[in-house]
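Enquirer: coordinates only, sequence not included:
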Ligand code: NAD
Ligand code: UGA
């Protein structure tokens, strides 16, 4: 089918490359000329596993092209996918100006009878608004549908081609039928064999992908509810992690035991330094605002957000309790991106931690496998280095911020030998504590008994153990 995509960001570029990979002719338009120039040259503007291969595949098969002129991209398309940014304004409400300008573009350049599909995350009522404003604009007459995107960065290509579900919200049958046609190879799991090879065997699933059809408002709300519930789960486990840390329990063991209950499941129960990224922070605040402006309380959303704000202080608090004063300390951050598999720094916990530490006069160094520059405003706060040795030399602490698999290969004994103080804060419970301790470090994980906390397992009226026995009990508690 002939398709157009408006917006060549993380969602637009991945959708376009994947839709071309399953045989559609896809034209992408963006107002960002630099981004379009990069994509035309076959280069992705962001790091995402598999995207490079798909861009190349689309280009050589002449199924994928990038444009700055909307007329070129839209005039022949049977469906136009809207993948534009919907960031929050300063008051937390969703800024729909990019959606509005894209709707004007569609009204001017799309052909009559085409389907305008909103994939951007936007408040309930946006599809209705798009439909009425495109009628008011009086240009091309289009069908409107909502088709929320559920891909996660770092696994975006896999998530698009092997989704858990495809959700469509529409008022009439025409957009539903056309979207069913677009996604048929994905729903029926008929991906070309070379695409299967790109995804790898580990991802192979069986049975049709659920193609869920609802009214537009339900589809819009389902997107916010999905992201919010995932964020709530992480905040919940982080709250339990705080309790575990205090009581000498190990949150990784707690989460495993809890997640084995099929009614709960194991996902999004990894405790850490808090969630970030381009979506959870903005979407949970947006949904809270949507509820509160209608006089509804959004207590769960507010609490999840508060827990996350608090969790973002974990690193600084642990460093403060270890060193007492932070002035002049040198701290190395392992990882800058908000999660592994991406170079996205939007709402990255690392940036917030770096800002807190810089405020306390700590010299912050960082190392990241894919981030090659710090964002504007952080040039004087973060010294981005290229090798672990330079980061460890003379440092007082290392903090694992992003669980990049590359960090599992670090030569910890060597790094410890270069450091001024051997402290390792594991913000993602990524390392094996025993290996870190064996390398000579003091290990502090999230929601785990702390080497430096002196947890003593002793009943209040028990006889205090003598001499070295107490150290033995402390050490045993930390290792359990
Ligand atoms: P992005 O900011 O990376 O990209 C948006 C692109 O749209 C930009 O390149 C921008 O220049 C372009 N654009 C804006 N207005 C335009 C217009 N009128 N005409 C042409 N181009 C225009 O955003 P993103 O991360 O791709 O996210 C897009 C939407 O998808 C958001 O609503 C987001 O919440 C949602 N979403 C994002 C993800 C993700 O992982 N990033 C996942 C699911 C859903
Ligand atoms: C998330 C959702 O997972 C996607 O389904 C959704 O489409 C997307 O938002 C979106 O709407 O943009 P993403 O933000 O790319 O995807 O990344 P996640 O893997 O969900 O992680 C979000 C944050 O939660 C990260 O900071 C991650 O480190 C943190 N997290 C995740 C935890 O701290 N613990 C966990 O167990 C899982």
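Expert: Everything's here; your move. Because the structure is a prediction, the values reported are computed rather than measured. Ligands and ions are numbered 1, 2, ... in the order given.

Enquirer: within range of ligand 1, give me the residues from the stretch 251-400 of the chain.
Expert: 278-279 (C-beta under 6 Å from any ligand atom). All C-beta atoms are positioned from the backbone trio N, CA, C, and that covers glycine.

Enquirer: low-confidence ranges, the stretch 251-400 of the chain, go.
Expert: Along the stretch 251-400 of the chain, segments meeting pLDDT under 70 are nowhere present.

Enquirer: grab the nearest non-local neighbour of the residue in it that ligand 1 sits nearest to.
Expert: Proximity of the stretch 251-400 of the chain to ligand 1 (C-beta to the nearest ligand atom) peaks at residue 278, 4.7 Å away. With C-beta to C-beta, 6 or more residues apart in numbering as the criterion, residue 278 has its nearest non-adjacent residue at 4.1 Å, and that residue is residue 346.

Enquirer: what secondary structure does that neighbour sit in?
Expert: When classified by DSSP: H, G, I helix; E, B strand; the rest coil, residue 346 comes out as coil.

Enquirer: with residue 3 instead?
Expert: Secondary structure assignment for residue 3 (three-state DSSP): strand.

Enquirer: that one: neighbour count?
Expert: 26 (other C-beta atoms under 10 Å).

Enquirer: that one touches residue 77, doesn't it?
Expert: Yes: here residue 3 reaches residue 77: they are 5.6 Å apart, a contact under C-beta atoms under 8 Å.

Enquirer: what touches both of those two?
Expert: Common neighbours of residue 3 and residue 77, using C-beta atoms under 8 Å, 6 or more residues apart in numbering, are residue 27.

Enquirer: quick one: average pLDDT of stretch 173-185?
Expert: Taken as a whole, stretch 173-185 has a mean pLDDT of 98.

Enquirer: surely residue 289 and residue 92 touch.
Expert: Yes: Residue 289 lies in contact with residue 92 (C-beta under 8 Å); the separation is 4.9 Å.

Enquirer: all the strands of the stretch 351-480 of the chain, residue numbers only.
Expert: Counting by DSSP state E, counting those that start in this stretch, the stretch 351-480 of the chain has strands at residues 363-367, 382-384, 397-400, 423-426, 442-445.

Enquirer: higher neighbour count, residue 289 and residue 92?
Expert: It is residue 289, of residue 289 and residue 92, that has more neighbours when counted by other C-beta under 10 Å, with 19 against 14.

Enquirer: next, count neighbours for residue 142.
Expert: Neighbourhood size, residue 142 [other C-beta under 10 Å]: 24.

Enquirer: swap that for residue 216, sorry
Expert: Other residues close to residue 216 by other C-beta under 10 Å number 23.

Enquirer: which ones are touching it?
Expert: Per C-beta under 8 Å, 6+ apart, neighbours of residue 216: 127-128, 144-146, 169-171.

Enquirer: same thing but 6 Å
Expert: Residue 216 makes contacts with 127, 146, 169, as judged by C-beta atoms under 6 Å, 6 or more residues apart in numbering.

Enquirer: which SS class is the nearest residue to the second one once chain neighbours are set aside?
Expert: Just to be clear, that refers to residue 146. Closest residue to residue 146 apart from its sequence neighbours, by C-beta to C-beta, 6+ apart: residue 169 at 3.8 Å. Three-state call for residue 169 (three-state DSSP): strand.

Enquirer: in the sheet, who's paired with residue 169?
Expert: residue 146, residue 214 (DSSP bridges).

Enquirer: coming back round to it: most packed of the strands of the stretch 351-480 of the chain?
Expert: Comparing the strands of the stretch 351-480 of the chain by mean neighbour count (mean count of other C-beta atoms under 10 Å), strand 397-400 ranks first with a mean of 28.

Enquirer: in its sheet, what does that one sit against?
Expert: Paired with strand 397-400 in the same sheet, following DSSP bridges, are strand 330-334 (parallel), strand 423-426 (parallel).

Enquirer: close to ligand 2, is the longest one?
Expert: So the one you mean is strand 330-334. No: judged by C-beta under 6 Å from any ligand atom, strand 330-334 and ligand 2 are separated, with a smallest distance of 13.8 Å.

Enquirer: quick one: buried residues of that strand?
Expert: Using 16 or more other C-beta atoms under 10 Å as the test for burial, strand 330-334 gives 330-334.
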